[in-house]
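Engineer: Starting from these lines, generate the structure:
(chains A and B)
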Number of protein chains: 2
Amino acid sequence: MYELLKKDGMAKRGTFHTVHGPIQTPVFMNVGTVAAIKGGVSTNDLKDIKCQVQLSNTYHLHVRTGDATIKKLGGLHKFMVWDRPILTDSGGFQVFSLAALRKIKEEGVYFSSHIDGHKIFMGPEESMQIQSNLSSTIAMAFDECPPIPATRKYVIDSVDRTTRWLERCRKELTRLNSLESTINNRQMLFGINQGGIYDDLRIEHAKVIGDMNLDGYAIGGLAVGESHDEMYRILESTVPYMPENKPTYLMGVGTPENILEAVERGVDFFDCVYPTRNGRHGHVYTNHGKMNIYNAKFELDERPIEEGCGCEACKTYSRAYIRHLMKAKEMLGMRLCVMHNLYFYNTMMEEIRDAIEKGVYQAYKKAKIDGMNIK
Amino acid sequence: MYELLKKDGMAKRGTFHTVHGPIQTPVFMNVGTVAAIKGGVSTNDLKDIKCQVQLSNTYHLHVRTGDATIKKLGGLHKFMVWDRPILTDSGGFQVFSLAALRKIKEEGVYFSSHIDGHKIFMGPEESMQIQSNLSSTIAMAFDECPPIPATRKYVIDSVDRTTRWLERCRKELTRLNSLESTINNRQMLFGINQGGIYDDLRIEHAKVIGDMNLDGYAIGGLAVGESHDEMYRILESTVPYMPENKPTYLMGVGTPENILEAVERGVDFFDCVYPTRNGRHGHVYTNHGKMNIYNAKFELDERPIEEGCGCEACKTYSRAYIRHLMKAKEMLGMRLCVMHNLYFYNTMMEEIRDAIEKGVYQAYKKAKIDGMNIK
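Structural biologist: This is a model prediction of the structure:
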């Protein structure tokens, strides 16, 4: 499924083939939590801003509208009108970060909905069932995401449970894919590496799940409070023990600089709410650093957010107009900032792929980061 | 400037020539209060939904961002990136409906900003100066909009003052248009007919302002609480006394049915927040009546809002998906509903123009209203 086209140092340039078409990696997945990109961006718009693959949330879609309803409507692709790949997370991270009153047991997690407080149980089988109903291209394994910091003892127990849960996920998804009523019988499964900031636990776990021959592997439990240096160190120690002939996905990461550093350490897939969330708050990315569009110095600035950018915001509107929209709390301001930010991320991924192909990744990365750090 | 192409009963089909291109009438002006259509709709989108002319608010733009800033940025057209006509209202209606602590004097109105409470004075000259700074295609006269009901005595005094203010508006706009620093030296002025629900006062005022040979004439002070029948009666009594060779604009109106009835009584121009405001609340217009997209019966409805509609929402997305978006409070839901509603209004105006040209307006109107009343 994963074709490794080129390596430049540890950086990988690949093509991941899916039932919904190929994904060129490294890739940034655009986050549409509840089957929509926040900021009024449609799936039509996503194609204009170079999105290859979209990510939706199992937990959110289960508690609102419901995966059973979405299955009746033909699955997420038909529901959102999107014919390219979709990855669904397992719900694990949201259960641990959003839900109230959670109780972790061997069978799974008991918790209360963040919408109306009703009691829900989710274990590996339930997560696979929901993701099968949603019929995403790639399902993520249901894991426990331990907090950072956590004791070594806690992390060891948690990682062991995550491994047992992964076996149950694989078994259940194999069963679901064999059912005639399943919309996407070729749904893929990515396992998730855990281990907190303990390199030896991470490596050990990477080896164990690597032997399971899954469709891809994620590194979970990072970007939850550790330092950037700790994150880079863990990537350096762990990625070499993950299958090179499978995609590597760093969950929930990150800033443009985080992505550039992680690609250098062998990561293929990324996702993060930064470009959408920052866009909604008027923080926009450029090759000369992040700008706060509310800043008074943009009041009379007739330039686009970034000269030469091909997004709708930059092709048409000025910083002065977008600042006005944000200050007047007009939705259009958020929409334009979000579209710009996603275009910026997706364009950076294009540049990254190009630089790896040309074998100039290190030089590209340095120039890009230096540019963004100009103040 | 106004070319009367065809009459069908009292219904007029015309072309209004402006410095920003022609307007085919009858026309619905799409309301962009603070230089943006609420619901995340851009000027690029407006072209897709058949908008001919956009309306912005003098009062809102004066108190936030400021007309002086917009002038420095080249005026509203350049600011919003819109090359078709823009009408600006005079600020009068907002001063009377939004502002606190207002005091009406012969020279104008003293009031407090609804944003930060600071004291503002606006009279005919100030309104013209602001609209000249905004450099709209059409400026509206600064008038007083008396409440309904109001005593005959109050209305007589108010109408007389509005006439005196209109003379001052004309004089000031003539001066402004002669200045070299003015962006749009061919800015036009529409006078506003007032008179509450007193037909004789309306008719008398229509004659007085009709003699002033302005670029167009509006009927103001309606759609403020009177019944539909009262509004139609006033149109029937007043419009015949307004110049037929000038456009007639019914301010702030209204529902599709209101527009259809008013066209029959000779009205050319309309504006209303209904399609945008209703869209943001999930109320969408169709040829079979208004739908509340939140309704549970749409949960599994895979049809578009309206079969055959050419708007982005209907060409791509299902009622079920849009309902999901609205329930999840996703901006995209509002954007799709607003775009559909504006497309519905603008398409209805196309049909109206076509029916008048063919001399079948009465039959068209009856069929359209009957269709919308099917439950």
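Engineer: need the residues of the stretch 201-350 of chain A near chain B, please.
Structural biologist: With CB under 8 Å from any CB of the partner chain as the criterion, the stretch 201-350 of chain A meets chain B at residues A:299-300, A:302, A:312, A:316-318, A:320-321, A:324-325, A:327-328, A:330-336. Yep, even glycine has a C-beta here, placed from its N, CA and C like the rest.
Engineer: Give the PyMOL command for selecting the buried subset of these.
Structural biologist: Buried residues within these, by 16 or more other CB atoms under 10 Å in any protein chain shown, are selected in PyMOL with:
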select buried, chain A and resi 299+312+317+318+320+321+324+325+327+328+330+331+332+333+334+335+336
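Engineer: Of the residues of the stretch 201-350 of chain A next to chain B, which belong to helices?
Structural biologist: Using DSSP state H, the subset of those located in helices is A:312, A:316, A:320-321, A:324-325, A:327, A:331-336.
Engineer: hmm, which two among these are most spread apart?
Structural biologist: Maximum pairwise distance among these (CB to CB): 20.3 Å, between A:Glu312 and A:Lys327.
Engineer: sec struct for A:Leu87, please.
Structural biologist: The local conformation at A:Leu87, judged by DSSP: H, G, I helix; E, B strand; the rest coil, is strand.
Engineer: Quick check, pLDDT for it.
Structural biologist: At A:Leu87, the model reports a pLDDT of 98.
Engineer: for the nearest residue to A:Lys72 once chain neighbours are set aside, what are its contacts?
Structural biologist: Using CB to CB, 6 or more residues apart in numbering or on different chains and skipping the chain neighbours, the partner closest in space to A:Lys72 is B:Leu300 (5.7 Å). Shown in contact with B:Leu300 (CB atoms under 8 Å, 6 or more residues apart in numbering or on different chains): A:Thr69, A:Lys72, A:Leu73, B:Ala320.
Engineer: Let's see the pLDDT reported for B:Leu300.
Structural biologist: The model's pLDDT for B:Leu300 equals 98.
Engineer: next one: A:His114
Structural biologist: Note on A:His114: pLDDT of 81.
Engineer: what are the bridge partners for the residue nearest the centre of chain A, then?
Structural biologist: For chain A, A:Asp271 is the residue whose C-alpha lies nearest the centre (CA atoms, centre = their mean; 2.2 Å). For A:Asp271, the beta-bridge partners are A:Met29 (DSSP bridges).
Engineer: Do I have it right that it meets A:Asn258?
Structural biologist: No. Using CB atoms under 8 Å, A:Asp271 is not in contact with A:Asn258; the gap is 11.9 Å.
Engineer: mind checking the SS state of the closest residue in space to A:Gln129 that isn't next to it in sequence?
Structural biologist: In space, and not counting its chain neighbours, A:Gln129 is closest to A:Leu176: 6.7 Å by CB to CB, 6+ apart. Using three-state DSSP, the structure places A:Leu176 in helix.
Engineer: any idea which of the ones in helices among the residues of the stretch 201-350 of chain A next to chain B is closest to B:Arg170?
Structural biologist: For these, the nearest to B:Arg170 is A:His324 (30.5 Å; CB to CB).
Engineer: Pick out the most distant pair among the contacts of B:Leu300.
Structural biologist: The most widely separated members of those, counting by CB to CB, are A:Lys72 and B:Ala320 (9.0 Å).
Engineer: ok and the residue in the stretch 1-150 of chain A nearest chain B?
Structural biologist: Here the stretch 1-150 of chain A gets closest to chain B at one residue, A:Gly40, 3.7 Å apart by CB to the nearest CB.
Engineer: what about the nearest residue to A:Val19 once chain neighbours are set aside, how many residues close to it?
Structural biologist: Distances taken as CB to CB, 6+ apart place A:Arg186 nearest to A:Val19, at 4.4 Å, with adjacent residues excluded. By other CB atoms under 10 Å in any protein chain shown, the residues close to A:Arg186 number 12.
Engineer: now the one 4 residues further on
Structural biologist: For A:Phe190, the count of nearby residues is 26 (other CB under 10 Å).
Engineer: What's opposite it in the beta bridge?
Structural biologist: Beta-bridge partners for A:Phe190, by DSSP bridges, are A:Met140, A:Gly216.
Engineer: thinking it is in contact with A:Ser136, fair?
Structural biologist: No. The criterion here is CB under 8 Å, and A:Phe190 misses it with A:Ser136 at 10.9 Å.
Engineer: Mind listing the shared neighbours of these two?
Structural biologist: The contact lists of A:Phe190 and A:Ser136 share A:Leu87, where a contact means CB under 8 Å, 6+ apart.
Engineer: before we move on, the earlier item: for the residue nearest to A:Gln129, which residues are in contact?
Structural biologist: Taking CB under 8 Å, 6+ apart, we find A:Leu176 in contact with A:Met128, A:Gln129, A:Ser132, A:Thr182, A:Gln187.
Engineer: can you redo those residues as TSV with neighbour count and secondary structure?
Structural biologist: As requested, the contacts of A:Leu176 are exported to TSV (neighbours: other CB atoms under 10 Å in any protein chain shown; DSSP: H, G, I helix; E, B strand; the rest coil):
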residue	neighbour count	secondary structure
A:Met128	28	helix
A:Gln129	20	helix
A:Ser132	26	helix
A:Thr182	18	coil
A:Gln187	23	coil
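Engineer: can you list the residues you listed in a markdown table and add distance to B:Met251 and pLDDT?
Structural biologist: Converted to a markdown table, these look like this (distance: CB to CB, whole Å; pLDDT from 0 to 100):
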| residue | distance to B:Met251 | pLDDT |
| --- | --- | --- |
| A:Met128 | 59 | 98 |
| A:Gln129 | 57 | 98 |
| A:Ser132 | 56 | 98 |
| A:Thr182 | 58 | 98 |
| A:Gln187 | 57 | 98 |
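Engineer: now these as TSV including distance to B:Val208?
Structural biologist: Below are these laid out as TSV (distance: CB to CB, whole Å):
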residue	distance to B:Val208
A:Met128	77
A:Gln129	75
A:Ser132	74
A:Thr182	76
A:Gln187	75
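Engineer: So, low pLDDT: which residues of the stretch 101-250 of chain A?
Structural biologist: For the stretch 101-250 of chain A, applying pLDDT under 70 flags the ranges A:101.
Engineer: any idea where the strands of it begin and end?
Structural biologist: A:109-112, A:119-122, A:138-140, A:188-193, A:216-219, A:248-250 (DSSP state E, counting those that start in this stretch).
Engineer: Distance to B:Ser158 added to these, as TSV?
Structural biologist: Below are the strands of the stretch 101-250 of chain A laid out as TSV (distance: least, CB to CB, whole Å):
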stretch	distance to B:Ser158
strand A:109-112	60
strand A:119-122	62
strand A:138-140	67
strand A:188-193	71
strand A:216-219	70
strand A:248-250	68
